[in-house]
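**Q** Need coordinates for the following:
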Amino acid sequence: MKVQRVTNNGALRWKTFFWENLSAALKANYVGIRHVGNGIWTVYYRGVYLGFFDEYKQRECNTSIKLNPNRV
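**A** Below is the predicted model of the structure:
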């Protein structure tokens with residue numbers, strides 16, 4: 001599991017120039033990111049599952065993507 005800090009605007013910096021929008025409530029806190037497979041990453045805060053994002057879909061859009069709260 002990777003541990004990353006959430007920025008002051010509630011986003012997570014991903015792969016140098018991609019952004020994942022999490023929540024302003026998490027600003028300046030740390031979240032855990034775990035790779036599930038096929039570019040799917042799950043996001044946790046203190047053991048609580050927050051959602052997931054697909055890094056391949058993000059690269060196609062080339063924009064910031066909101067965290068998907070649905071289960072994997």
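**Q** Now the most centrally placed residue in the chain: closest residue in space that isn't a chain neighbour?
**A** Closest to where the C-alpha atoms of the chain average out (C-alpha atoms, centre = their mean) is E20, at 5.0 Å. Leaving aside its chain neighbours, E20 sits nearest to L12 (4.3 Å; criterion: C-beta to C-beta, 6 or more residues apart in numbering). The way it works is simple: take the backbone N, C-alpha and C, and place the C-beta from them, glycine included.
**Q** residues touching the one you found, list them.
**A** Residues near L12 by C-beta atoms under 8 Å, 6 or more residues apart in numbering: 4, 6, 19-22, 31, 33, 43.
**Q** so E20 sits in a strand?
**A** Yes: assessed with DSSP: H, G, I helix; E, B strand; the rest coil, E20 lies in a strand.
**Q** What separation do you get for it and N8?
**A** 15 Å (C-beta to C-beta, to the nearest Å).
**Q** Filter the contacts of L12 down to the buried ones.
**A** The neighbour count (16 or more other C-beta atoms under 10 Å) marks 6, 19-20, 22, 31, 33, 43 as buried among the contacts of L12.
**Q** now, which of those sits nearest Y49?
**A** Closest approach between these and Y49, by C-beta to C-beta: V43, at 7.7 Å.
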